[in-house]
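>>> Structure here, sequence nowhere to be found:
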């Protein structure tokens, strides 16, 4: 129900379409304005949007506040490295393999973590992610602490040259858009509706006969697989990965991004990532102490848009689903 | 003939035996009421039967299927559906969305992440039918949390009915209701008993005596007495611990 009303609003379709169009033409236009550098920057932003959107799916719609999402990003990234070392060069195979690796890790970690709730769930996901982090640090073959350099970017095939930033940008944009569309559609599906039901009222869902644990596990695995894809795209772009990108503080940053953009808001991950990555970039250029203004700005946003920036653009109609009460509500309720 | 039975159910919390060797039966289409003073262990028993708490001993059987040790959602699938003492709905969703979610649980898989659930007419039709059954046919687009208390309880019952239960477990359905709302709930339960057996936990004595074929009295976790309304009313021990105090008050 809630879906149809927003879809009929012309702005709700035109806005995202314009943004997508703008993103699509950016690499073609940028060189004319001397903004070549920003093709890579926007590509990085797109990947963060993808990862944040997967976390928003888990947290915002599934009600699972996980503090270990960067761990799955790392699993995807290191899976790509391992497969490259094994001689696989096709990007699609590498990305698919990275998703699979993250999904398997999430299946095992989720099977244990999802037996807990609230603060315990936060702590146990954090613990597992840190285990993955130290595992990466101890992997001498892949550079350990120093990280790992790819000799060349994977091969895209179809006559596409991955070494060209603009080409890779368009492929990344297409992949991110497809994933985003999947998440968006999935919320209105049987699974999505059940997931939102679990977020809103787990005991009632159990009494209705839903296999709550397995449904949560599926959401956990899907979110992790996409995070793993994000990690693989990161390595593809940078030809470099180090364990620091799976440190727990990165998981915390991802939560901040989602809360900033709007927990359980359709555009939460996208808006949050756009704002965060842009601020980080501009503030870092102007001052060495860039965390200060960033922190102050975050406090202001939390005060004036406690349910996230997404709610400033459009608030979904009352009903199940989007934008309800933010992270404090979730934590208070599941504590 | 029995549809549902517990045998020797036990639940121990530290030194407190909250459920002490409880054996009760419910026959098909029977309304079996469970009464008892506060702290008698009614809620614990409800949680043991619905599977929210594991039992420390004893067994639970519904229609020949052993439910002991089954997780709550599987008991629902086996035909044991429950309502909650405190109304337990999706308060921000409409009545129709609430019911569609309930129906969805029993029709097809809920693991499909694609396709539009709200477009499934079969689910919507069944949801509308359930709303009509509990008298909420005209409230489909209302937000559940904005309904009056009595109507919220009716919706709570409708959600439980989506499972087509063999046994409906009603946990104090009249709690907090005014006389009109109570009368409507009594009427609804009279209707439902044609299709299912009902285990009714209730404080409202008028309603219990009106509805119940059999009444069991729970005191300190034990079944003190069991029988029809007349037998219970005249039972000396029951009068002493339960009804007596009400008469005095």
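Done, it's in. Since the model is a prediction, treat every value here as computed from it, not as a measurement.
>>> List the contacts of the residue nearest the centre of chain A.
Centroid-nearest residue in chain A, with CA atoms, centre = their mean: residue A:51, separated by 1.6 Å. Residue A:51 is in contact with A:69, A:73, A:226-227, A:230-231, A:254, A:269, A:273, counting by CB atoms under 8 Å, 6 or more residues apart in numbering or on different chains. Bear in mind the C-beta positions are built from the backbone N, C-alpha and C, glycine included.
>>> number of nearby residues for the closest residue to residue B:177 other than its chain neighbours?
Spatially, and ignoring its direct neighbours in sequence, residue B:177 is nearest to residue B:150 (5.6 Å; CB to CB, 6 or more residues apart in numbering or on different chains). Applying other CB atoms under 10 Å in any protein chain shown, we find 19 other residues in the vicinity of residue B:150.
>>> just checking, next helix/strand downstream of the helix or strand where residue B:150 lies?
Secondary structure assigned from DSSP states H and E places residue B:150 in helix B:149-161. Downstream of helix B:149-161, the first helix or strand assigned by DSSP H and E is strand B:167-171.
>>> buried ones in that next one?
B:167-171 (16 or more other CB atoms under 10 Å in any protein chain shown).
>>> Return the closest of the residues you listed with respect to chain A.
Among the buried residues of strand B:167-171, residue B:169 lies closest to chain A (CB to the nearest CB), at 9.5 Å.
>>> bridging residues for that closest one?
residue B:82, residue B:199 (DSSP bridges).
>>> what residues are up against it?
B:46, B:49-50, B:80-83, B:198-199, B:201.
>>> Equivalent analysis for residue A:130, please.
Residue A:130 touches A:68, A:71, A:248, counting by CB under 8 Å, 6+ apart.
>>> which stretches of chain B have low pLDDT?
Where chain B drops to pLDDT under 70, the residues are B:242-249.
>>> and it, which of its residues are near chain A?
Within chain B, the positions near chain A by CB under 8 Å from any CB of the partner chain are B:50, B:52, B:72-74, B:76-77, B:81-82, B:84, B:88-90, B:92-94, B:96-97, B:100-102, B:104-106, B:108-118, B:143, B:159-160, B:162-163.
>>> cutoff 6 Å now
Contact residues (CB under 6 Å from any CB of the partner chain) of chain B with chain A: B:72-73, B:76-77, B:82, B:88, B:90, B:92-93, B:97, B:101-102, B:105, B:110-118, B:163.
>>> In which helix or strand does the residue in chain B positioned nearest to chain A reside?
Closest to chain A within chain B is residue B:76: 3.5 Å, counting by CB to the nearest CB. Using DSSP H and E, residue B:76 sits within helix B:72-77.
>>> give the contact list for the closest residue to the residue nearest to the centre of chain A other than its chain neighbours.
Distance criterion CB to CB, 6+ apart; nearest residue to residue A:51, sequence neighbours excluded, is residue A:230 at 3.8 Å. Taking CB atoms under 6 Å, 6 or more residues apart in numbering or on different chains, we find residue A:230 in contact with A:47, A:50-51, A:73.
>>> still on that earlier bit, pull out the buried residues from the contacts of residue A:51.
The buried subset of these - by 16+ other CB under 10 Å - is A:69, A:73, A:226-227, A:230-231, A:254, A:269, A:273.
>>> Closest to residue A:83 out of the residues you listed?
residue A:231 (12.7 Å; CB to CB).
>>> can you pull out the helices in chain B?
B:42-50, B:72-77, B:95-104, B:121-133, B:149-161, B:179-192, B:205-211, B:229-234, B:236-238, B:244-248 (DSSP state H).
>>> Model confidence at the residue of chain A found nearest chain B, what's the number?
Minimum separation of chain A from chain B (CB to the nearest CB) falls at residue A:209, amounting to 3.5 Å. Residue A:209 is assigned 93 on the pLDDT scale.
>>> and chain A, which residues reach chain B?
Checking chain A against chain B by CB under 6 Å from any CB, the hits are A:1, A:186, A:188-191, A:193-194, A:197, A:200-201, A:204, A:206-211, A:218, A:319-320.
>>> Could you list which of those belong to strands?
Members of the residues of chain A next to chain B lying in strands (criterion: DSSP state E): none.
>>> Give the buried residues for the strand ranked longest in chain B.
As assigned by DSSP E, the longest strand anywhere in chain B is strand B:4-13. Across strand B:4-13, burial judged by 16+ other CB under 10 Å covers B:4, B:6, B:9-11.
>>> Next: stretch A:294-307.
In stretch A:294-307, counting by 16+ other CB under 10 Å, buried: A:294, A:298, A:301-302, A:305, A:307.
>>> What is the nearest of these to residue B:122?
residue A:307 (35.0 Å).
>>> need the contact list for residue 103.
I went with chain A, as the question did not name one. Counting by CB under 6 Å, 6+ apart, residue A:103 has contacts A:221, A:225.
>>> that's the wrong chain, I meant chain B
When contacts are counted by CB under 6 Å, 6+ apart, residue B:103 touches B:123, B:126-127, B:162.
>>> where does the stretch 201-335 of chain A have low pLDDT?
A:313-335.
>>> if we go to 80?
A:287-288, A:290, A:297-298, A:301-302, A:305-308, A:310-335 (pLDDT under 80).
>>> hey, where'd the strands end up in chain A?
Shown for chain A, the strands assigned by DSSP E span residues A:148-149, A:240-241.
>>> Please indicate which of the ones you listed has the most neighbours on average?
strand A:240-241 (a mean of 20; mean count of other CB atoms under 10 Å in any protein chain shown).
>>> mind checking how far that strand is from the chain centre?
18 Å (CA atoms, centre = their mean, to the nearest Å).
>>> on contacts alone, who are the packing partners of it?
The helices and strands touching strand A:240-241, judged by 3 or more CB pairs under 6 Å, 6 or more residues apart in numbering or on different chains; DSSP states H and E, number zero.
>>> give me the number of residues near the nearest residue in space to residue A:261 that is not next to it in sequence?
Spatially, and ignoring its direct neighbours in sequence, residue A:261 is nearest to residue A:272 (2.5 Å; CB to CB, 6+ apart). When counting by other CB under 10 Å, one arrives at 31 neighbours for residue A:272.
>>> Next, the contact list for residue A:272, please.
By CB under 6 Å, 6+ apart, the neighbours of residue A:272 are A:52, A:257-258, A:260-261.
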